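Colleague: just coords:
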């Protein structure tokens, strides 16, 4: 029976292939099942083994161990690229909702997991990228100056850093969604965009991409298209940066202010501005009895590097990471340099 007549099976297989595509070495059903759960897909190890047999038969995966260790094949990678449109549409909004729900950061104790973006830079260019990103962290055009660096072959979240690359985890703006959701405040994630700033004040969105119907995080699209001027903004206070637009019910305003204040104390400063009830924010209309919130994009430091011609492989809204292992970017750079010299930094 073809995959087209088994949409549920096809979606599960596609999820397994996506997980395998993130590994640099063979993975078995136990590991795959664990990572599927982290991506919101609940399959038992037995069910994973069943679906792996199907992928083996179609040449999408290859058994490379005596038991069940698999790698994805070139055909499997092409299968991901040609996935059903229905599986791609809405991916961005569903990813936001899943990560927000799974975020378990404790505002009082400052413990738990926070959502992060993963970026993989060419090893030879990483020191140069750090110098470019430093002013962006300093000026606060990011969700947090807390980061995690991983060397080639090390794990960063749920992914291994590819050979010849250095990985950087930056806090994602979804931390605000997750913290508000935990406090009982529903948040409507409307779009990601390019925000114009003048004298460090947000003015208007010049470009937007709605999350509904978009298979990628808009930030990744804007970075690849070189549509930002984050470096200029960090130096002059005026320019265009990555930002996101959200709405919450106006009745939740006091709770939201309390949550945002506690996030800031934890050095999670994702909120740029908050509007008043039913009033437009940054020239964006807000629904009746709603409040508009503009969140800074977590990938702004990476966008600055891209503006200078240093491209990274980005996985925005990627996974969760323990807040306790994140460090101030300066401390993390110093710690990394002790074990792995960064020439030129």
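Modeller: Now that the structure is in, tell me what you want to look at. Just so we're clear, the structure is a prediction, and the values are computed from it rather than from any experiment.

Colleague: For residue 209, the count of nearby residues, please.
Modeller: Residues lying near residue 209 (other C-beta atoms under 10 Å) number 17. In short, each C-beta sits where N, CA and C put it, glycine included.

Colleague: Just give the closest residue to it, not the sequence neighbours.
Modeller: Once flanking residues are discounted, residue 209 sits nearest to residue 218: 3.8 Å by C-beta to C-beta, 6 or more residues apart in numbering.

Colleague: doesn't residue 205 make contact with that neighbour?
Modeller: No: Residue 218 lies out of contact with residue 205 (C-beta atoms under 8 Å); the separation is 11.0 Å.

Colleague: Need the overlap of contacts for these two.
Modeller: Overlap of the contact sets of residue 218 and residue 205 (by C-beta atoms under 8 Å, 6 or more residues apart in numbering) consists of residue 193.

Colleague: With residue 72 as the reference, measure out to the residue nearest to residue 209.
Modeller: Residue 218 sits 27 Å away from residue 72, going by C-beta to C-beta, to the nearest Å.

Colleague: Ok, residue 119 next?
Modeller: In terms of C-beta to C-beta, residue 119 sits 22 Å off from residue 72.

Colleague: now swap in residue 289 and tell me
Modeller: Using C-beta to C-beta, residue 289 is found at 48 Å from residue 72.

Colleague: More neighbours: which of the two?
Modeller: Neighbour totals were compared for residue 289 and residue 72, and residue 72 leads with 23 against 10 (other C-beta under 10 Å).

Colleague: what sits against the more buried one?
Modeller: Listed by C-beta under 8 Å, 6+ apart, the contact set of residue 72 reads 17, 20, 21, 60, 61.

Colleague: how about a cut-off of 10 Å?
Modeller: Residues in contact with residue 72 (C-beta atoms under 10 Å, 6 or more residues apart in numbering) are 16-23, 26-27, 55, 60-62, 79-80.

Colleague: just residue 106 next, same as before
Modeller: 112, 113, 179, 182, 262, 266, 323.

Colleague: Give the bridge partners for it, please.
Modeller: Assessed by DSSP bridges, residue 106 has beta-bridge partners residue 111.
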